[in-house]
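[1] Kindly generate the corresponding structure for this input.
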Amino acid sequence: MAKKDEAKKMAGKAANVSKPGKSVKAEAAETETPAKMQKKPAAQKKPVQVQGKRETTFRLVAPHAAQVFIAGCFNEWDPTANRLEQDEQGTWSCTLSIEPGEHEYRFFVDGVWWDDPANTSRRSNEFGTENCVLIIQE
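    I've put the predicted structure just below:
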């Protein structure tokens, strides 16, 4: 019988010990929920709108290519970040969401940098070749 009484005393003491980082008042507020202490519904927040990325499709006719990627300032010039998919006619394409503005890019075909033959807007780069320039309007 003495063991049961001792266990009840220990349980009572444990109930009065506060949890780390919480005051006894905060713990009491969690256990009691009178009407005045119930949480009010959170105010509705307006959704954050992401500014104007535009869906942009890149295409390259290269029926004999094994792999085609696109790299540019929009993907930190990673030559394997965005792979194009080939259709039955040998046209490679992919669609990316790109911020409005001016962007330089090139295709990476079977390990070799290619210009986009459909885009004649070019800018010299530091490697002695040219990058294609794409302007996306807002």
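
[2] and E76, how many neighbours?
    By other CB atoms under 10 Å, 8 other residues sit near E76. Yep, even glycine has a C-beta here, placed from its N, CA and C like the rest.

[3] swap that for R122, please
    Count around R122 with other CB under 10 Å applied: 14.

[4] try P63
    Neighbours of P63 (other CB under 10 Å): 11.

[5] That one against Q89, yeah?
    Yes. Counting by CB atoms under 8 Å, P63 touches Q89, with 7.3 Å between them.

[6] For the chain, just list every one of the helices.
    2-16, 24-31 (DSSP state H).

[7] which of those has the lowest average pLDDT?
    Of all the helices of the chain, the minimum mean pLDDT falls on helix 24-31 (a mean of 42).

[8] Skipping adjacent residues, who's closest to T57 in space?
    T95 (4.5 Å; CB to CB, 6 or more residues apart in numbering).
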